[in-house]
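Visitor: Whatever this is, show me its structure:
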Amino acid sequence: MLKNKAVLAHGLVWLVLLAVLFLVNSRERPAHAFILILLYGALNVSIFYMHYFLINPLLIGTGRYWRALTYMAVVLVVSIAVKYGIAHYYDDIILQYRDSDGQQQMLTPLQYMVMALISGLFFMLLSTAVYVVSSNFKTREDRKSLETEKLNAELAFLRSQINPHFLFNSLNSIYSLAYKKSEKTPEAILKLSEIMRYMLYESNEDLVLLEEEINYLENYIDLQKLRFKEKVYVDLHVDIDVEGHRIMPLLLISFLENAFKHGVSTDKHKPIRIDISVKNGRLNFKAENAKNQLNKDQTKGVGMTNLKRRLQLGYPDRHTINIVESEYYYSSELFIYL
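Guide: Numbers count the residues shown, from 1 in each chain. Predicted coordinates for the structure are as follows:
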């Protein structure tokens, strides 16, 4: 069925065509123009839409050609018969014409039927052309809608993977603190509560304020620091030209996870360095640290794989990611045009 916008467009086109036809014919033969608009216009419009809704789906949608050809023949025969009946009734208006010598002539039944056949075929062809264009447009729109739904579903799935992954690691840390009866346990629980509040409520949006994402990263760093008896050195530097930038939520956490995973620094001369800057809409995020083989987390997560896929979906052709790893050093850097 035609949608509201398509119905309006079709109606306007028919009104314009019929109005032009009426103006062209009404100057010399107003009676002829009146009959042409009310009768022939309605008949041709009927042919158009019978072909559009009944025959085109058979021809194009299902390939049932014989049934379609049968319907076409029926529509043409009926329309020609009705048109000829009207023409015969108004023969002095419709069937009469003047030849090149100015003599009054009368169309024969065969001549008129051929003209009616050509007219019917024209409106059928026009109907098929409009149907093909509309179908192609609808197919593109449906494909685009499906792709968008697929991307949204995939992004939602990837985002959902982050929560249990991070929660698993954080609970392990808090368990260690509680097992040791550390005074840091209440603070760690409070930090985890703030983080989970952000992950459950704020990160449901497609984009969040960069400031909120950075605050989430700071809470994560504070929570990680509580795991260790020794002082952990993390150098976080933020330089944003203007406020209000937005970013996909939970996008940068994988870098921090990797930084702590590859080695926590208790050496103030070799801290984990996190640099976040935004200049002219371009985000530069860099995390680097010296590896600490004693503290290295040997577990394998889905963080970076997840991150790369989310970047492909959310920032296609608008991001660059570089990872450098050696025996003693790990660095990851991300550029995004926000």
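Visitor: dump the residue contacts of the closest residue to Leu223 other than its chain neighbours.
Guide: Sequence neighbours aside, Lys191 is the residue nearest to Leu223 in space, at 4.3 Å (criterion: CB to CB, 6 or more residues apart in numbering). Backbone N, C-alpha and C define where each C-beta goes, glycine included. If you count contacts by CB atoms under 8 Å, 6 or more residues apart in numbering, Lys191 has them with Asn219, Asp222, Leu223, Leu226.
Visitor: now swap in Ile60 and tell me
Guide: Thr128, Tyr131, Val132, Ser135.
Visitor: and those residues, which of them are in helices?
Guide: Using DSSP state H, Thr128, Tyr131, Val132, Ser135 are the members of the contacts of Ile60 that sit in helices.
Visitor: Between which two of the residues you listed is the distance greatest?
Guide: Largest separation among these by CB to CB: Thr128 and Ser135, giving 10.3 Å.
Visitor: Scan the ones in helices among the contacts of Ile60 and report the most crowded one.
Guide: Highest neighbour count within the ones in helices among the contacts of Ile60, by other CB atoms under 10 Å: Tyr131, with 20 neighbours.
Visitor: So that residue sits against Asn56, correct?
Guide: Yes. With contact defined as CB atoms under 8 Å, Tyr131 counts as touching Asn56 (4.3 Å).
Visitor: ok, Asn44 touching Phe123?
Guide: Yes. With contact defined as CB under 8 Å, Asn44 counts as touching Phe123 (5.0 Å).
Visitor: can you list the domains in this protein?
Guide: For the chain, automatic domain parsing gives the domain ranges 4-144, 182-337.
Visitor: Ok, which of the ones you listed comes nearest Ser170?
Guide: domain 182-337 (5.2 Å).
Visitor: ranking the domains of the chain by burial, who's on top?
Guide: domain 182-337 (a mean of 16; mean count of other CB atoms under 10 Å).
Visitor: what packs against the one helix or strand Glu257 maps to?
Guide: Element membership for Glu257 (DSSP states H and E) is helix 253-261. When contacts are defined as 3 or more CB pairs under 8 Å, 6 or more residues apart in numbering; DSSP states H and E, helix 253-261 packs onto helix 109-179, helix 210-225, strand 272-279, strand 282-290, helix 303-314, strand 329-337.
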